[in-house]
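Colleague: got a structure for you, letters missing:
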């Protein structure tokens, strides 16, 4: 600009390619912003979908029950009867919860083994999933065969 306000502004020619570079930077910036928005939107959608699936699974009642040590101790006899085939536990979620708890909690597992030493959870063996006597193996807590003494496996 000139110092005199009455004089018209004098424009100089831009170097060759300057406008093209400016346009390319603006396009790249706009594309990057659009990509970030769409990626965040997709991520949010995936997280919502996972939350819905997990909530639906828990609400359907098919997830194993969360068993605490005290509850586990109270259900030892009922669980032993279920494992040996003398009694069927009504809620399969409780059965799975007991199996998981006894698998993870060494204190409860030892207490169960001490209280019921002849129960399949009370001894380790290397039984196959189906014993030679043909009885189907039911437990997966310590890979014990309920009929180990019968089949000699």
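Modeller: That came through, no problem. Predicted, not measured: the structure shown is a model, and the values here were computed from it.

Colleague: Next up, phi/psi of residue 65, please.
Modeller: phi -70, psi 140 (degrees, to the nearest 10).

Colleague: so what's residue 64 scoring on pLDDT?
Modeller: Note for residue 64: predicted pLDDT of 70.

Colleague: burial of the residue nearest to it when sequence neighbours are not counted, as a residue count?
Modeller: Excluding the flanking residues, the one nearest residue 64 by C-beta to C-beta, 6 or more residues apart in numbering is residue 96, at 3.8 Å. Every C-beta, even on glycine, is put in place using the N, C-alpha and C of the backbone. For residue 96, the neighbour count with other C-beta atoms under 10 Å is 15.

Colleague: If you count contacts, what does the helix or strand where residue 96 lies end up packed against?
Modeller: Residue 96 belongs to helix 92-104 when assigned by DSSP states H and E. In terms of contacts (3 or more C-beta pairs under 8 Å, 6 or more residues apart in numbering; DSSP states H and E), helix 92-104 is packed against helix 69-74, helix 76-84, helix 106-115.

Colleague: Return the most buried member of those helices.
Modeller: helix 76-84 (a mean of 18; mean count of other C-beta atoms under 10 Å).
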